[in-house]
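Enquirer: Here is my input; please provide its structure:
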Amino acid sequence: MRSRLAVRLRAAAVAAALLAVGSATTGPPAQAAPAAGTALAVGTQYDTTHVYVTPGSMDAFVTSWEATFGGSHTPKALVTVTPTPSSTYSQLVLSPAGTLSVFDYVTPVPYPFGAERTGWLVQDLDRGVRRAEEAGAGVVVAPFDDPIGRDAVIRFPGGIDAQLYWHTTPPSYPPSATVPENRLYVPPGSLRAFLHSYLRFTGGRVVSDDPRAPGAELGMPGTTYHRIRITGPFGDTVVQATDGHLPHPFGRELTGYQVDDLATTLTRARAAGAQVLWGPRTTADRDSALVQFPGGYVAEIHDPHPGH
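Expert: Below you'll find the predicted structure:
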């Protein structure tokens, strides 16, 4: 049985790794948004997609991801990151396309963890929880301590979960070259309540609203759906209101990643053991594809369409 001292030493090592990690990524800060969200958000490079890989596949996933996008990662560590007993290997990956928190559980994953899509670093966790409640979100996991700070999980109308986190010692990561796109699927009947809550909490603003976006973007040619794009202090978001009649793998992807050249990126991904599940396909404003990496993580990857 591991002693308490060993656990503390391991936690300290994880904290040091998370705080010391560096990356060659550079790029502009996130686009400005209303001050309400800015007062709580820290920076888009601290908005991490939570990747839960199939057990034992963390190394294969990280190797494939970095061969595709570049970047660096912290040492792998076995930690408890939930308020109830559990054990997972944890690793932080920083790449030009965005930041990932990768989890490879060796115990069952306690509910409701695994449903949260992203982790958002906030300047004050208690204030973040209060703002979430004021914005109409529910607190599904009350604040708890982790090895390097505190966390909570909130749920927006429509069933969208996000984790808020705060570090005892503030981290310092370089900005990503591009801001990832949080890809959310909500029922049409929840769209109004979701937008009210999400925009109020994040301080984001709508940059486009197309109630008849082409369904071909989601593998459904000849149909339409409601697409809304948002930008703000917590990064970029695309909200997709659909009837749920989605062909695989749509709805499984958590995040969209912008690259300079999609074809070149897909070539690297395939060579690194990833599988292209859909596309590449040209739509109105982008060339895009859905890719599954070792460990099961599905990502949307796109480049701006020529001429747009």
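Enquirer: Show me where the stretch 151-300 of the chain has its helices.
Expert: Across the stretch 151-300 of the chain, reading from the start of the chain, the helices by DSSP state H, counting those that start in this stretch fall at 191-202, 262-271.
Enquirer: Next one, pLDDT for Thr26 please.
Expert: The predicted local distance difference test score for Thr26 is 30.
Enquirer: Could you count how many residues lie near Leu165?
Expert: One thing to correct before we go on: residue 165 is Tyr, not Leu. When counting by other C-beta atoms under 10 Å, one arrives at 21 neighbours for Tyr165. Bear in mind the C-beta positions are built from the backbone N, C-alpha and C, glycine included.
Enquirer: going forward can the numbers begin at 166, since that is how I track them
Expert: OK, 166 is where the count begins now, so the last one is Tyr330.
Enquirer: show me the contacts for the residue lying closest to it once chain neighbours are set aside.
Expert: The shortest distance from Tyr330 to any residue that is not its chain neighbour, by C-beta to C-beta, 6 or more residues apart in numbering, is 4.7 Å, and that residue is Asp316. Neighbouring residues of Asp316 by C-beta atoms under 8 Å, 6 or more residues apart in numbering: 246, 284, 290, 306, 308-309, 328-331.
Enquirer: So what pairs up with Asp316 in the strands?
Expert: Phe309, Tyr330 (DSSP bridges).
Enquirer: if we can go back for a sec, now, of the contacts of Asp316, which are buried?
Expert: The neighbour-count criterion (16 or more other C-beta atoms under 10 Å) marks 246, 284, 290, 306, 308, 328-331 among these as buried.
Enquirer: between the residues you listed, which is nearest Ala232?
Expert: Distance to Ala232, by C-beta to C-beta, is smallest for Gly284 among these, at 24.0 Å.
Enquirer: so the closest one sits in a helix?
Expert: No. Assignment of Gly284 by DSSP: H, G, I helix; E, B strand; the rest coil gives strand, placing it outside any helix.
Enquirer: I'm done for today, thanks for sticking with me.
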